[in-house]
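J.: how would this look folded up:
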Amino acid sequence: MVPADQDFRTPLLVLGGARSGKSSWAESVVNHFPPPYVYVATGQALDDEMKLRIRLHRERRKELWQTIESPIDLSAVLKSLKGLRKPVLVDCITLWLSNLLCSASTEAELVVDGLCEAIEAVDYPLVIVSNEVGGGIVPDNSLARKFRDLSGLTNQRLARICASVFLVTAGLPLRLK
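T.: Modelled structure (predicted):
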């Protein structure tokens, strides 16, 4: 999926809509590095649909990937991987933000600050997946608007600190940075 001559640097941010192919493309980027790979999963298997999505993602990745589940404390996980030199894929920031907003014990904006600091300190190849959610209608409730706004602002912050940024649409990557 990623051409052999593709020039990209990490940290690399992969943006796209739902079912745009961003996760598969991000995995193909990570596969350009030598294994083993680390997959940091932010999703939680809270219903049957999510359980199926998680199972399909795991089946696609095969045995070369170690999975670390991190629905809330993403910064600590990224810091714990320092020095290991393993390529890391975080999938995805928007699920992580949703988890933060649903957690009464966290101030999401401050946690995003910590994530940005952790990303700036990595010493390993890092690919981050996030949904681009701001292209639709204005949500009709305050929580959904807060999620949309936080997602957009977080994506902007990540795009500033990442060395490369791609937008994936219909499975096709477009370099933004």
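J.: other SSEs contacting the longest helix belonging to the chain?
T.: Ordering each helix of the chain by length in residues (DSSP state H) puts helix 142-161 first. The contact analysis (3 or more C-beta pairs under 8 Å, 6 or more residues apart in numbering; DSSP states H and E) places helix 142-161 against strand 12-16, helix 93-102, helix 108-120, strand 126-131. Quick note: C-beta positions are derived from backbone N, CA and C, even for glycine.
J.: the ones you listed into a markdown table, with extra columns for distance to V30 and mean pLDDT?
T.: Converted to a markdown table, the helices and strands packed on helix 142-161 look like this (distance: least, C-beta to C-beta, whole Å; pLDDT from 0 to 100):
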| stretch | distance to V30 | mean pLDDT |
| --- | --- | --- |
| strand 12-16 | 9 | 97 |
| helix 93-102 | 16 | 93 |
| helix 108-120 | 16 | 94 |
| strand 126-131 | 5 | 98 |
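J.: return the set of buried residues in the longest helix of the chain.
T.: Buried residues in helix 142-161, counted by 16 or more other C-beta atoms under 10 Å: 147-148, 150-151, 154-155, 158.
J.: and the one helix or strand in the chain whose mean pLDDT sits lowest, C-alpha only, in CSV?
T.: When the helices and strands of the chain are scored by mean pLDDT, DSSP states H and E, helix 48-61 comes last with a mean of 77. Once non-C-alpha atoms are left out, helix 48-61 reads as follows in CSV (Å, rounded to 0.1, in the frame of the first residue of the first chain):
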residue,chain,number,x,y,z
ASP,A,48,-20.5,-6.7,20.0
GLU,A,49,-19.8,-4.3,17.1
MET,A,50,-16.6,-3.1,18.7
LYS,A,51,-15.5,-6.6,19.7
LEU,A,52,-15.8,-7.6,16.0
ARG,A,53,-13.8,-4.5,14.8
ILE,A,54,-11.1,-5.3,17.3
ARG,A,55,-10.9,-9.0,16.3
LEU,A,56,-10.7,-8.0,12.6
HIS,A,57,-7.9,-5.5,13.3
ARG,A,58,-5.9,-8.2,15.3
GLU,A,59,-6.4,-10.8,12.5
ARG,A,60,-5.1,-8.4,9.9
ARG,A,61,-1.9,-7.6,12.0
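J.: quick one: the helix or strand that that helix is followed by to chain centroid distance?
T.: Note on helix 48-61: by DSSP states H and E, the next helix or strand toward the C-terminus is strand 65-69. Between the centre of strand 65-69 and the centre of its chain there are 13 Å (C-alpha atoms, centre = their mean, to the nearest Å).
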